[in-house]
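Peer 1: Structure of the sequence below:
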Amino acid sequence: MEELRIGLVGTGAIGRSHIERINTRLQGAKVVACADVNMDFCRSVAEKYGIQAYDSGEEMSASDAVDAVIVTTLDPFHEQYVTAAIKAGKYVFCEKPLAPEADACRRIVEAEMAGKKQLVQVGFMRRYDPGYRQLKALIDSGKYGLPLMLHCAHRNYDAPGFTTSMPVENSMIHEIDVLRWLLGEDYKTAEVVFPKTTRNAEGELRDPQIMYLTTESGVRIDVESFVNCRYGYDIKCEVVCEEGSLNLPEPANTMVRSNDSRITPICHDWSERFIDAYNIEFQEWINACREGRVDGPSAWDGYVGQVTAKAASKARDTQTVVNIEYDEMPEFYKK
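Peer 2: Predicted coordinates for the structure are as follows:
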């Protein structure tokens, strides 16, 4: 395949950032088309980037001028546009979540299997972060024995508009996916507890929250979500193994010595912290599409993520430990 021609559904801020990333920094592809329910805005985006605007995501996916599709719409519309791309036989990258409900994720899985070819990749970009990849390599090496416990944190400077239900399914969903990938096993139970709430929380938001997960082999995980930490964007992951402790490396930032102090800046938000991960993620997706394959997070991974998130949400709402039950993984997704 020559240059991959991509159509994008959803021309909001994230969608536009992907257009700029692919068309100016990456190789082997160009975003050539866009669609959005807001047609006037869609046309303005198309004019700005010199691409074609379509009246609907379905029309764009069916077009012979498009080889692959990126879905960055609001979450409730993911299923609609991912399914349209599958029906058109196009590779499709969907930002997380694959769909807001596990049943919708399962329908996408069924649609993909009916087409007899893997086409879907879900945007769990932490798998592409160099630090997490280092952790994965060390765990898989077995040099430090088996993982026993993981201690993780996901902190944001602030999160306007956040409600108590959002930290699990909008923030910690990233940990749900990447930790399962690091360990290579599914989860068995979920629990969510509330520490003392910060004075910086808006309205009725309970912040911070701590999610506890137990894997099938008994690895114990705690993930802190603190979306109003007021000092920056901070991601932590410590993997305690039988013969060593592995820590996610901090992003490289210049240390400054001045005025009797020593300061190492940290990132302010996710777009700054994970810019390399996004670039690697999309370059590898482009390369895979051009070679006729999918090797990133699959539709099945999207389904497992939502089942886990819904179990954690139930645990939060009931303040109980909830057992997590998945359907059996189809042979179609076993690699």
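
Peer 1: Mind naming the longest helix for this protein?
Peer 2: helix 299-318 (DSSP state H).

Peer 1: mean confidence for the helix or strand following that one?
Peer 2: Counting by DSSP states H and E, the next helix or strand C-terminal to helix 299-318 is strand 322-323. The pLDDT scores in strand 322-323 average 98.

Peer 1: partners of strand 322-323, with directions?
Peer 2: Under the criterion DSSP bridges, strand 322-323 sits next to strand 187-193 (antiparallel) in its sheet.

Peer 1: CA-only coordinates of the partner strand in PDB, if you can.
Peer 2: Taking Å, rounded to 0.1, in the frame of the first residue of the first chain, the C-alpha atoms of strand 187-193 are listed here in PDB:
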ATOM      1  CA  TYR A 187      -8.700  -9.200  36.900                       C
ATOM      2  CA  LYS A 188     -10.800 -11.100  39.500                       C
ATOM      3  CA  THR A 189     -12.200  -8.500  41.900                       C
ATOM      4  CA  ALA A 190     -12.600  -4.700  42.200                       C
ATOM      5  CA  GLU A 191     -13.100  -2.400  45.100                       C
ATOM      6  CA  VAL A 192     -13.200   1.500  45.300                       C
ATOM      7  CA  VAL A 193     -12.800   3.400  48.600                       C
END
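
Peer 1: residue ranges for the strands of the stretch 101-250 of the chain, please.
Peer 2: 120-123, 147-155, 187-193, 209-215, 220-226, 234-241, 244-247 (DSSP state E, counting those that start in this stretch).

Peer 1: Which neighbouring elements make contact with the longest helix of the chain?
Peer 2: With contacts defined as 3 or more CB pairs under 8 Å, 6 or more residues apart in numbering; DSSP states H and E, helix 299-318 has these neighbours: helix 102-114, strand 120-123, helix 173-183, strand 187-193, strand 209-215, strand 322-323. No exception for glycine: its C-beta is placed from N, CA and C like everyone else's.

Peer 1: Just name the most buried of those.
Peer 2: strand 120-123 (a mean of 26; mean count of other CB atoms under 10 Å).

Peer 1: Let me see the residues that make contact with that one.
Peer 2: Residues from elsewhere that reach strand 120-123, judged by CB atoms under 8 Å, 6 or more residues apart in numbering: 82, 86, 91-98, 108, 112, 281, 285, 288, 294, 296-299, 301-302, 305.

Peer 1: Please repeat the previous calculation with a cut-off of 6 Å.
Peer 2: Contact with strand 120-123 is made by 92-96, 98, 112, 285, 294, 296-297, 299, 301-302, as judged by CB atoms under 6 Å, 6 or more residues apart in numbering.

Peer 1: before we move on, back to that, as JSON lines, the strands of the stretch 101-250 of the chain with mean pLDDT and distance to residue 334 would be great.
Peer 2: Below are these laid out as JSON lines (pLDDT from 0 to 100; distance: least, CB to CB, whole Å):
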{"stretch": "strand 120-123", "mean pLDDT": "98", "distance to residue 334": "16"}
{"stretch": "strand 147-155", "mean pLDDT": "98", "distance to residue 334": "23"}
{"stretch": "strand 187-193", "mean pLDDT": "98", "distance to residue 334": "18"}
{"stretch": "strand 209-215", "mean pLDDT": "98", "distance to residue 334": "19"}
{"stretch": "strand 220-226", "mean pLDDT": "98", "distance to residue 334": "24"}
{"stretch": "strand 234-241", "mean pLDDT": "98", "distance to residue 334": "25"}
{"stretch": "strand 244-247", "mean pLDDT": "98", "distance to residue 334": "27"}
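
Peer 1: could the ones you listed go into CSV alongside distance to residue 61?
Peer 2: Converted to CSV, the strands of the stretch 101-250 of the chain look like this (distance: least, CB to CB, whole Å):
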stretch, distance to residue 61
strand 120-123, 13
strand 147-155, 33
strand 187-193, 33
strand 209-215, 36
strand 220-226, 35
strand 234-241, 34
strand 244-247, 42
